[in-house]
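1. The sequence isn't on hand, but the structure is:
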């Protein structure tokens, strides 16, 4: 079945450094790749997404890159701040699915040390 | 505009008991989803619905049933709770054709 692998499971960086989280997906027909941020005790919230016809998307300090050939995509956070500390989830939507179903990665706990 | 709401927020059940979790959304979304979140396993889809009166199985449907009698509500039922169903349950909804999912605040369920 469809699968999304996410690495690393935990990531600790110093404030101001960059953080990179990587995901690979199995379904070559996947066409939508969102990233969700979940703060402790809160609900997941979309922070950025990318569609398969785009290679890179940026929104202030966060960016996502997509390599369709290799079937992987990454989240980049620059100039990290303590409020970036959270669990981040990647996801992929199967191309053959018109139901909006997402397959999520296992999550990455990011800790930004002041 | 409350978005996506879930009731209850917390619940403790004994093995074998039954319960229903309610998800409600006021955004007129066609699609609704139920996930469970367990440490180190991300969000796993239990069941989903693409419209009133329709439901389908996700990745981990065993032990759960769902119903979508009204467009704004999506119910998740546990007929005979097991300790393995201890988890945090999230409901989400989205517009048809827009893949962004909006999540509810979650329900923390403990089965002893």
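-> Sure, I can see it. In this text the structure is predicted, and so the values were computed from the model without any measurement.
2. who touches the residue nearest to residue B:87 when sequence neighbours are not counted in this structure?
-> Nearest residue to residue B:87 in three dimensions, chain neighbours excluded: residue B:36, at 4.3 Å (Cβ to Cβ, 6 or more residues apart in numbering or on different chains). (Each C-beta comes from the backbone N, C-alpha and C, glycine too.) Contacts of residue B:36 were listed using Cβ atoms under 8 Å, 6 or more residues apart in numbering or on different chains, and they are B:43-44, B:46, B:60, B:85, B:87-90.
3. one more time with 10 Å
-> B:42-46, B:58-60, B:64, B:76, B:85-90, B:107, B:109 (Cβ atoms under 10 Å, 6 or more residues apart in numbering or on different chains).
4. next one: residue B:80
-> Contacts for residue B:80 (Cβ under 10 Å, 6+ apart) come out as B:13, B:15-18, B:63.
5. Drop anything exposed from these.
-> Among those, those scoring as buried are residue B:13 (criterion: 16 or more other Cβ atoms under 10 Å in any protein chain shown).
6. Which one of the contacts of residue B:80 is nearest to chain A?
-> Nearest to chain A among those: residue B:63, at 19.0 Å, using Cβ to the nearest Cβ.
7. surely the closest one meets residue B:84?
-> Yes - using Cβ atoms under 10 Å, residue B:63 is in contact with residue B:84, at 7.9 Å.
8. Looking at per-residue confidence, what score does the residue nearest to residue B:87 get?
-> pLDDT, residue B:36: 97.
9. host element of it?
-> Following DSSP states H and E, one finds residue B:36 within strand B:31-37.
10. Could you point out the helix or strand that follows that strand?
-> On the C-terminal side of strand B:31-37, the closest following helix or strand by DSSP H and E is strand B:43-51.
11. nearest residue to residue 47 other than its sequence neighbours?
-> Going with chain A. residue A:37 (4.8 Å).
12. Wait, chain B was what I had in mind.
-> residue B:66 (4.2 Å).
13. Equivalent analysis for residue A:76, please.
-> Using Cβ to Cβ, 6+ apart, the nearest residue to residue A:76 is residue A:63, at 4.5 Å.
14. what does the helix or strand containing the one you found contact?
-> Residue A:63 is part of strand A:62-67, with elements assigned from DSSP H and E. For strand A:62-67, the surrounding residues in contact (Cβ under 10 Å, 6+ apart) are A:19-24, A:30, A:33-35, A:37, A:47-58, A:72-78, A:84, A:88, A:90.
15. partners of that strand in the sheet?
-> strand A:56-59 (antiparallel), strand A:72-77 (antiparallel) (DSSP bridges).
16. Tell me the gap between it and the middle of its chain.
-> Taking Cα atoms, centre = their mean, to the nearest Å, the mean C-alpha location of strand A:62-67 is offset from the chain mean by 8 Å.
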